[in-house]
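K.L.:
can't give you the sequence, but here's the structure:
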């Protein structure tokens, strides 16, 4: 994906639950993102989330239907349990406290949407990010 997009907050939380509650073997050990894509995300987040003061990094696994798993295999891999390899999602937060890392995910325009940069989301192909492996 290039830049971020509005994403239902509960969907991000569900992806995070996949990471935490369904621990199965995986090969991914890092992810990378281009400076350009990260800077574009932050610039747009400043517009969509005025006054945000930090970023939350969610560790996630995306759900994969059989067909989607096959289509995404070369890009994000699959752990064989209808979930992607681990990845991450960046979400702007309000009231970031550097002492504790606490803050509140910034909801956009009184909705349940957050402005999120979802690394290697199988629903958003493209962009300048990778998971390593399978892409590295």
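P.N.:
Sure thing, it's come through. A quick note: this is a predicted structure, and the numbers were derived from the prediction, not measured.

K.L.:
Quick check: buried residues in the helix or strand bottoming out on mean pLDDT in the chain?
P.N.:
Ranked by mean pLDDT, DSSP states H and E, the weakest helix or strand in the chain is helix 66-76, scoring a mean of 73. Within helix 66-76, the residues that qualify as buried by neighbour count (16 or more other CB atoms under 10 Å) are 68, 69, 72, 75, 76. Bear in mind the C-beta positions are built from the backbone N, C-alpha and C, glycine included.

K.L.:
and residue 43, that one's in a helix?
P.N.:
Yes. According to DSSP: H, G, I helix; E, B strand; the rest coil, residue 43 belongs to a helix.

K.L.:
circling back: would you tell me which one of the buried residues of helix 66-76 comes nearest to residue 8?
P.N.:
Within the buried residues of helix 66-76, distances to residue 8 taken as CB to CB reach their minimum at residue 68, with 18.1 Å.

K.L.:
now the residue lying closest to residue 120 once chain neighbours are set aside: how far from residue 64?
P.N.:
Spatial nearest neighbour of residue 120, excluding adjacent residues (CB to CB, 6 or more residues apart in numbering): residue 76 at 4.6 Å. Separation of residue 76 from residue 64 (CB to CB, to the nearest Å) stands at 8 Å.

K.L.:
between these two, what contacts are shared?
P.N.:
84, 122 (CB atoms under 8 Å, 6 or more residues apart in numbering).
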